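S.K.: kindly return the folded structure for what I paste below:
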Amino acid sequence: MFELIKDPAEVERLAEKRADENIKFREFLKWRLDWSDERLDALIHEGVSEQIDCTACANCCRAQGVGIDDTDIER
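M.R.: Numbers count the residues shown, from 1 in each chain. Next comes the predicted model:
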């Protein structure tokens, strides 16, 4: 697997650096595999949410809509 980068500034820097690659990969998942936005978001949430303490940062909430479930609410 890979080590998850948790520093928001580093995530932003790498996202900008790899923007074209990220767009192409997302397009591949959505169109070639016929994945919905919901399925793609669920995959990312499942793989990342258990590794990040959102209460330590909450940076995603500032930049995008974030869905939460009962487990998130309890935490």
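S.K.: and residue 71, how far from residue 26?
M.R.: Per Cβ to Cβ, to the nearest Å, residue 71 is found 26 Å from residue 26. In this view, the C-beta of every residue, glycine as well, is placed from N, C-alpha and C.
S.K.: the two - which one has more neighbours?
M.R.: Neighbours around residue 71 and residue 26, counted as other Cβ atoms under 10 Å, are more numerous at residue 26. The numbers are 13 against 9.
S.K.: thought that one was touching residue 37?
M.R.: No: using Cβ atoms under 8 Å, residue 26 is not in contact with residue 37; the gap is 9.5 Å.
S.K.: what's the neighbour count on residue 22?
M.R.: Residue 22, neighbours per other Cβ under 10 Å, totals 13.
S.K.: check residue 45 too.
M.R.: Residue 45 has 15 nearby residues by other Cβ under 10 Å.
S.K.: likewise residue 42?
M.R.: 13.
S.K.: check residue 10 too.
M.R.: 10.
S.K.: tell me how far it lies from residue 16.
M.R.: If you go by Cβ to Cβ, the gap between residue 10 and residue 16 works out to 11 Å.
S.K.: which residues of this structure fall in helices?
M.R.: Along the chain, counting by DSSP state H, helices occupy 8-17, 19-27, 37-48, 59-63, 70-74.
S.K.: next, the angle helix 37-48 makes with the second one.
M.R.: Calculated by axes from the mean of the first three to the mean of the last three Cα atoms, to 10 degrees, helix 19-27 forms an angle of 110 degrees with helix 37-48.
S.K.: mean confidence score for helix 19-27?
M.R.: Helix 19-27 carries an average pLDDT of 87.
S.K.: extract the C-alpha trace of it and format it as CSV.
M.R.: Extracted in CSV, the C-alpha atoms of helix 19-27 (Å, rounded to 0.1, in the frame of the first residue of the first chain):
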residue,chain,number,x,y,z
ALA,A,19,-3.7,18.0,-11.4
ASP,A,20,-3.7,16.7,-15.0
GLU,A,21,-2.9,13.2,-13.8
ASN,A,22,-5.7,13.3,-11.2
ILE,A,23,-8.2,14.5,-13.7
LYS,A,24,-7.3,11.8,-16.2
PHE,A,25,-7.5,9.1,-13.4
ARG,A,26,-10.9,10.3,-12.3
GLU,A,27,-12.2,10.4,-15.8
